[in-house]
Structure formats: structure tokens, C-alpha cells
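Predicted model and sequence follow; I will ask about them next.
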Amino acid sequence: MGFPGTWMTESESMVYRVVPKCACSTIGQIMFYSDHGRFFDGDIHDATEGLYKWAQEGSHEPISRNVQGHHSYAFTCVRNPYTRILSSFFDKICGIQRNGSRYRGNLVPKLTYTYGIEVGGEDGKQEFDQIKSFRRFLLFARDTIRWRRPMDPDIHWSAMSGHVSTFIVNGGRYDHIFWTEKFNEGMQVVLDAVKTPHSVDLATIPRFNESEGHGPKRAHPVEDYFDDLSMHLVYEIYKRDFELFKYDPFDPSNKMPVGEIDLDEVHAKLGN
């Protein structure tokens, strides 16, 4: 299986396991900058040079050798499950993607027909009942994760623990896992632990939110989207994420972690 979703700097200063919807664009650009002294011109996910990426055949050998030998500092970043699934809805379901089309082609028409989800019209800019549609999307996300129907779960809403675990199961070990909600603090720990060809000043690094502007703006506070049933669904889907990454499953309005991540616990529970 190897190391899907793993990126490494060409200098091999650091190794990062991408978790979708968890500041991955910004982290990728920081990695690129730390090697080359400039940012990648465009979405870092489109970069085919300047970073080792598992998705590229030529990166398999250097990433495998490095990760299995634990030669470099390895890390990942996680996010509150409530805000992550909400972001996935507005970006991937309601939004027009950077290629000018809907995400995954016929997915949205299928959801409109099968689950009664509205997405704000052809351009995603029309008024619609965001709360009602999001809650219906949540049923769809649960169906994909629990029963792989009507499709396999998408990487943007499948559990973070699933992404994080592949790295461990295949022989990797994390030195640090930090929260999107405390990004500068967590990323600084990484930068302090490594030597890079170019120094990075986090205070001056822009945030590369590539999904921003794809879809409609969120019209309500996070907690308004989650009634008792949808909180139950979110906990059913992301129970392990809440427990391992120390988020509060009982209060969607509290996006901040409520405890410290225990790396030994993560490796023990996700390493089977």
C-alpha cells in the first residue's frame, strides 16, 4: 500500500501526511518555500515538481526509504470534525471547483435527486436553505462511510484517523500532530525541529485557502447546522477523531481542542 497522501521536501527536511481540509494547502506551500525560497505559483496540489509526493511514481522510493527508516521529522495536522465536514459541504458539494466544474462530475445532480440537497443553483451563488441541505448531506456522508453506498467515502469527508493511520500501519511514525485551530503554534514546533535551506517566518506566511470562494458563504454559526440528530451522526462517523485528537463532540460551537494529543495513544490505536 505504501504511503498514500504523503509529501516530503526534496531536501528531506520533513515528511507530512496530508489530511484533506486541514490546512494542507498552507502546509504544502510552507514545505515548498522552505526548500526553494519561493511559493509554488498556483495550487500546491497541482505541483508536479519541487516536492516529493506519493501520488507521483518517482517519489515512491525516496519517501519509502525515508519514512521506513524514520530519517526525517514526520508530522500531520488535524481539525475539529464539525468544522471539517461543514467545510467539505460548502467547498466540494456547493462549490464550483478550480477546473470550472462541479466536484466529481455527476455527484451533485445525484445528491439533488436522491437526498434532496440544494446547492445554490448552477453557480452556487443563489439563496438556499443551507441548514436543511447540510443535514441531508450529512446523511449521505454517513451512508458512504458506514455502508459505502451510493459510493465509497470521499477523502474530504472520510475520517481523519483513517488518513493518519495508513502512515503508521505501513511503517511510519509521527513526531508531531497539531491542530489547524492552533496552526502557528503547531507548525512552529515542526520548523524548530528541522533544518531547512530557507528559513520560514510563520508571521508573514499567507494562508493558502484554495477552497475559499468556491462556494456560497456560510450564513450561520457552526452550531446552528447541528441539531441533536446531526450531532449524533457526526459522533457516529468521527468518534475516533474526537477521542484521539481531543475535540469536544458535545459542543459544535467549541472548535478548540479540549486536551493534549497523546502520540503513543495515536500510534497504539491506529497501528493495528
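Received the coordinates, thanks. Residues are numbered from 1 along each chain as shown.

switch to C-alpha atoms for all contacts and neighbour counts from now on
Noted.

those helices in the stretch 101-250 of the chain, which residues are they?
Counting by DSSP state H, counting those that start in this stretch, one finds helices in the stretch 101-250 of the chain at the ranges 107-115, 130-147, 160-169, 183-193, 228-245.

and the shortest one, which residues are buried?
This points to helix 107-115. By 16 or more other C-alpha atoms under 10 Å, the buried positions in helix 107-115 come out as 108, 111.

Taking their axis directions, it and helix 130-147 sit at what angle?
Angle of helix 107-115 versus helix 130-147, following axes from the mean of the first three to the mean of the last three C-alpha atoms, to 10 degrees, is 90 degrees.

cool, and the last one?
Put simply, helix 228-245 runs at 60 degrees to helix 130-147, going by the same axes, to 10 degrees.

just to revisit the earlier point, nearest to residue 34, out of the helices of the stretch 101-250 of the chain?
Nearest of the helices of the stretch 101-250 of the chain to residue 34, taken as C-alpha to C-alpha: helix 183-193 at 9.3 Å.

and the closest one, which residues are buried?
For helix 183-193, burial by neighbour count (16+ other C-alpha under 10 Å) applies to 183, 186-187, 190-191.

hang on, the earlier thing: how about the helices of the stretch 101-250 of the chain, which one is nearest residue 75?
Here helix 183-193 is closest among the helices of the stretch 101-250 of the chain (C-alpha to C-alpha), at 7.6 Å.

Number of residues surrounding the closest residue to residue 206 other than its chain neighbours?
With sequence-adjacent residues excluded and distances taken as C-alpha to C-alpha, 6 or more residues apart in numbering, residue 206 is closest to residue 26, at 7.8 Å. Around residue 26 there are 19 other residues, counting by other C-alpha atoms under 10 Å.

what's the answer for residue 49, then?
So residue 49, with other C-alpha under 10 Å, has 12 neighbours.

Need phi/psi at it.
The phi/psi pair for residue 49 (degrees, to the nearest 10) reads phi -150, psi 160.

now it: how far from residue 71?
21 Å (C-alpha to C-alpha, to the nearest Å).

Same question for residue 5.
18 Å.

The two: who's more crowded?
residue 5 (17 against 13).

now the residue nearest to that one when sequence neighbours are not counted: how far from residue 156?
In space, and not counting its chain neighbours, residue 5 is closest to residue 18: 5.2 Å by C-alpha to C-alpha, 6+ apart. As judged by C-alpha to C-alpha, residue 18 and residue 156 stand 11 Å apart.

With neighbour numbers in mind, choose between these two.
More crowded of residue 18 and residue 156, by other C-alpha under 10 Å: residue 18, with 23 against 18.

Now for the more buried one: which residues touch it?
Neighbour list for residue 18: 5-7, 24, 76-77, 163 [criterion: C-alpha atoms under 8 Å, 6 or more residues apart in numbering].

Strands - which of those land there?
Judged by DSSP state E, the contacts of residue 18 include 6-7, 76-77 as members of strands.

Redo the helices of the stretch 101-250 of the chain as CSV? Include distance to residue 62 and mean pLDDT.
Listed next are the helices of the stretch 101-250 of the chain as CSV, based on distance: least, C-alpha to C-alpha, whole Å; pLDDT from 0 to 100:
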stretch, distance to residue 62, mean pLDDT
helix 107-115, 36, 89
helix 130-147, 32, 95
helix 160-169, 15, 98
helix 183-193, 20, 98
helix 228-245, 29, 97
